[in-house]
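Enquirer: missing the sequence, but the structure's below:
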């Protein structure tokens with residue numbers, strides 16, 4: 001009860017700080033083959049999503065949006081999103097995304113939606129808790145070259161045996177699903193010929209035609225057999241799958257760190273051009289909200 005109250009209070013304070021996002025002008029859509037997909041919590045995180053979407057679109061400059069609400073979206077909020085994003089939005093119901101052989105929940109539907117769209121488009125998955133502070137030439141170049149990418153926080157692309165050895169050496173007793181699953185990668189069939197990057201599913205590019213849902217389903221089945229159903233279906237397994245799929249795409253890109261970064265509490269924002277403010281640090285001193293509010297003038301100018 002107390003945790004829920006604190007979360008609601010923090011969200012209220014956050015949305016109050018960024019309230020001017022609602023008075024910014026709509027994005028001017030420049031149509032292209034790019035799709036910018038986000039899963040959004042209704043309705044608490046919609047102002048944060050609008051700020052993330054607008055700061056990113058200012059930097060990338062083209063494409064259309066795909067929004068997956070995590071539950072039925074009231075018409076008034078649907079209309080607000082559509083208006084702010086210049087009419088360039090497609091809404092996809094979470095329940096309408098087939099899971100196939102994968103689990104439901106834990107953002108797996110989001111990953112599968114990205115892979116389905118990537119049959120026809122370049123797809124960028126952008127979390128609502130992100131901000132684009134500066135130019136993103138690496139992302140623009142990856143889209144133009146049809147290269148998949150991920151935000152990697154300074155850890156390079158590795159072979160699967162290298163990734164398993166790295167986690168054994170760096171975090172030998174860590175029990176989080178990210179760590180346990182990375183250790184288990186070495187037991188995959190044909191492990192020596194496969195790759196992994198310890199990236200973030202919060203900002204990921206899927207090259208057109210580079211991967212499909214069958215790869216995700218096959219990986220899901222392999223990992224579930226290695227870790228067991230209960231362990232593999234914990235929150236976080238979708239990120240492992242996203243990392244694996246990107247790493248095994250043709251010529252994948254790990255975005256340079258710290259220019260692209262999961263922002264730690266107290267981290268230096270002056271060196272960050274794209275930041276992911278994960279849940280554990282999002283509301284600390286309302287740092288993300290204040291940083292986003294400072295970008296609202298730029299958003300307004302870009303929309304005019």
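Expert: Thanks, I have the structure now. Note that the coordinates shown come from a computational prediction; the quantities given were computed from them, not determined experimentally. Residues are numbered from 1 along each chain as shown.

Enquirer: which ones are touching residue 107?
Expert: Residue 107 sits next to 39, 201, 238-239 when contact means C-beta atoms under 8 Å, 6 or more residues apart in numbering. Just so you know, the C-beta spots here come from the backbone N, C-alpha and C atoms, and that holds for glycine as well.

Enquirer: From residue 117, how far out is the closest residue to residue 87 other than its chain neighbours?
Expert: Nearest in space to residue 87, with sequence neighbours left out and distances taken as C-beta to C-beta, 6 or more residues apart in numbering, is residue 29 at 6.7 Å. Taking C-beta to C-beta, to the nearest Å as the measure, residue 29 and residue 117 are separated by 17 Å.

Enquirer: What of residue 94?
Expert: Using C-beta to C-beta, residue 94 is found at 15 Å from residue 117.

Enquirer: I'd like to know the phi and psi angles of residue 200, please.
Expert: Backbone torsions for residue 200, taken as degrees, to the nearest 10, come to phi -120, psi 130.

Enquirer: Pull the contacting residues for the residue nearest to it when sequence neighbours are not counted.
Expert: Leaving aside its chain neighbours, residue 200 sits nearest to residue 151 (4.4 Å; criterion: C-beta to C-beta, 6+ apart). By C-beta under 8 Å, 6+ apart, the contact list for residue 151 reads 199-200, 202-204, 255, 260-262, 274, 276.

Enquirer: ok, now residue 253?
Expert: 138, 142, 147-150, 205.

Enquirer: Not counting its neighbours along the chain, what's nearest it?
Expert: Per C-beta to C-beta, 6+ apart, closest to residue 253 is residue 149, 4.1 Å.

Enquirer: Wait, that neighbour touches residue 254, no?
Expert: Yes. Using C-beta atoms under 8 Å, residue 149 is in contact with residue 254, at 7.2 Å.

Enquirer: ok, those two, which is more surrounded?
Expert: residue 149 (25 against 22; other C-beta atoms under 10 Å).

Enquirer: give me the beta-bridge partners of that one?
Expert: Counting by DSSP bridges, residue 149 is bridged to residue 205, residue 253.

Enquirer: ok, now how distant is it from residue 220?
Expert: Applying C-beta to C-beta to residue 149 and residue 220 gives a distance of 22 Å.

Enquirer: What segments of the stretch 51-200 of the chain are helices?
Expert: 75-84, 108-117, 137-145, 160-170, 177-184 (DSSP state H, counting those that start in this stretch).

Enquirer: show me where pLDDT drops low in this structure?
Expert: Scanning the chain with the threshold set as pLDDT under 70 gives 302-304.

Enquirer: Identify the residue spatially nearest to the residue nearest the centre of it, adjacent ones excluded.
Expert: Closest to where the C-alpha atoms of the chain average out (C-alpha atoms, centre = their mean) is residue 202, at 2.1 Å. Leaving aside its chain neighbours, residue 202 sits nearest to residue 127 (3.8 Å; criterion: C-beta to C-beta, 6+ apart).

Enquirer: my read: the one you found touches residue 275, true?
Expert: No. Assessed by C-beta under 8 Å, residue 127 is found out of contact with residue 275, at 10.7 Å.

Enquirer: still on that earlier bit, neighbour count: residue 94 and residue 117, which is higher?
Expert: Remark: of residue 94 and residue 117, residue 117 carries more neighbours, 19 against 16, as counted by other C-beta under 10 Å.
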